[in-house]
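Undergrad: have a look at this prediction, sequence included:
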Amino acid sequence: MAQQDYNPQLKQWQRIIPSSEPGQGYIEAPGGFANPVWQTRASAPGAFEHALVEALEEVFADGATELDAVVEGLNARHRHDRNGQAWTQESFLQEMAVLGQ
(Lines give C-alpha, C1' and ligand atoms only; values in the text may rest on other atoms or scores of the structure.)
Protein backbone atom coordinates (compact mmCIF):
# COMPACT_ATOMS: atom_id res chain seq x y z
CA MET A 1 0.00 0.00 0.00
CA ALA A 2 1.36 3.43 -0.94
CA GLN A 3 2.12 5.88 1.86
CA GLN A 4 -0.19 8.89 1.92
CA ASP A 5 0.71 12.43 2.91
CA TYR A 6 -2.17 12.55 5.43
CA ASN A 7 -4.66 10.32 7.22
CA PRO A 8 -7.97 10.41 5.29
CA GLN A 9 -9.70 8.49 8.10
CA LEU A 10 -8.54 10.78 10.90
CA LYS A 11 -11.36 11.04 13.41
CA GLN A 12 -12.27 14.57 14.49
CA TRP A 13 -12.33 14.76 18.29
CA GLN A 14 -15.57 15.85 19.87
CA ARG A 15 -13.95 16.43 23.26
CA ILE A 16 -10.99 18.54 24.29
CA ILE A 17 -9.33 15.54 25.97
CA PRO A 18 -9.36 12.55 23.63
CA SER A 19 -10.53 9.17 24.81
CA SER A 20 -7.86 6.58 25.54
CA GLU A 21 -9.93 4.08 23.54
CA PRO A 22 -9.05 4.06 19.83
CA GLY A 23 -11.76 3.96 17.19
CA GLN A 24 -11.80 0.89 14.97
CA GLY A 25 -9.80 1.48 11.81
CA TYR A 26 -8.25 4.71 13.09
CA ILE A 27 -4.69 5.47 14.16
CA GLU A 28 -5.32 7.41 17.35
CA ALA A 29 -4.36 5.48 20.48
CA PRO A 30 -2.88 8.29 22.62
CA GLY A 31 0.60 7.44 23.84
CA GLY A 32 0.54 4.03 22.19
CA PHE A 33 3.05 4.91 19.48
CA ALA A 34 4.45 7.82 17.53
CA ASN A 35 2.01 9.51 15.17
CA PRO A 36 4.00 10.84 12.19
CA VAL A 37 2.62 14.19 11.06
CA TRP A 38 1.19 12.79 7.84
CA GLN A 39 -0.97 10.42 9.93
CA THR A 40 -2.35 13.08 12.25
CA ARG A 41 -3.61 15.68 9.81
CA ALA A 42 -6.84 15.54 7.85
CA SER A 43 -5.34 16.86 4.59
CA ALA A 44 -2.03 17.76 3.04
CA PRO A 45 -0.99 21.43 3.44
CA GLY A 46 -1.89 23.66 0.51
CA ALA A 47 -0.05 26.52 -1.15
CA PHE A 48 -1.29 29.03 1.45
CA GLU A 49 0.00 26.95 4.36
CA HIS A 50 3.39 26.39 2.69
CA ALA A 51 3.78 30.12 1.96
CA LEU A 52 2.78 31.00 5.53
CA VAL A 53 5.33 28.58 6.98
CA GLU A 54 8.06 30.02 4.74
CA ALA A 55 7.18 33.57 5.78
CA LEU A 56 7.01 32.65 9.47
CA GLU A 57 10.45 31.04 9.27
CA GLU A 58 11.81 34.30 7.85
CA VAL A 59 10.06 36.39 10.51
CA PHE A 60 11.34 34.20 13.34
CA ALA A 61 14.85 34.17 11.82
CA ASP A 62 14.76 37.98 11.96
CA GLY A 63 14.21 37.72 15.71
CA ALA A 64 10.45 38.21 16.12
CA THR A 65 9.24 36.61 19.33
CA GLU A 66 6.09 38.58 20.19
CA LEU A 67 2.74 38.49 18.39
CA ASP A 68 2.87 42.11 17.25
CA ALA A 69 6.34 41.62 15.74
CA VAL A 70 5.25 38.43 13.96
CA VAL A 71 2.20 40.14 12.44
CA GLU A 72 4.28 43.16 11.46
CA GLY A 73 6.91 40.89 9.87
CA LEU A 74 4.32 39.02 7.81
CA ASN A 75 2.75 42.25 6.59
CA ALA A 76 6.17 43.74 5.76
CA ARG A 77 6.75 40.73 3.50
CA HIS A 78 3.32 41.16 1.89
CA ARG A 79 2.30 37.69 3.09
CA HIS A 80 -1.38 38.33 3.71
CA ASP A 81 -4.20 36.23 5.10
CA ARG A 82 -6.38 33.85 3.07
CA ASN A 83 -8.55 36.78 1.93
CA GLY A 84 -5.58 38.82 0.71
CA GLN A 85 -5.89 41.25 3.62
CA ALA A 86 -3.08 42.45 5.86
CA TRP A 87 -2.78 40.41 9.05
CA THR A 88 -4.07 41.72 12.34
CA GLN A 89 -3.26 40.11 15.66
CA GLU A 90 -6.82 38.80 15.80
CA SER A 91 -6.79 37.36 12.27
CA PHE A 92 -3.41 35.71 12.88
CA LEU A 93 -4.57 34.10 16.13
CA GLN A 94 -7.75 32.91 14.44
CA GLU A 95 -5.79 31.35 11.58
CA MET A 96 -3.43 29.63 14.03
CA ALA A 97 -6.44 28.19 15.89
CA VAL A 98 -7.84 26.82 12.63
CA LEU A 99 -4.51 25.37 11.51
CA GLY A 100 -3.86 23.91 14.95
CA GLN A 101 -6.93 21.70 14.95
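TA: Right, received. Where do you want to start?
Undergrad: quick one: contacts for V59?
TA: A69, V70, G73, L74, R77 (CB atoms under 8 Å, 6 or more residues apart in numbering). Quick note: C-beta positions are derived from backbone N, CA and C, even for glycine.
Undergrad: select only the buried ones of the residues you listed in PyMOL?
TA: Buried residues within the contacts of V59, by 16 or more other CB atoms under 10 Å, are selected in PyMOL with:
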select buried, resi 70+73+74
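Undergrad: which one of the contacts of V59 is nearest L93?
TA: V70 (10.3 Å; CB to CB).
Undergrad: distance of that closest one relative to A64?
TA: Separation of V70 from A64 (CB to CB, to the nearest Å) stands at 5 Å.
Undergrad: which parts of the strand or helix carrying E57 are buried?
TA: Using DSSP states H and E, E57 maps to helix 47-61. Within helix 47-61, the residues that count as buried by 16+ other CB under 10 Å are L52, A55, L56, V59.
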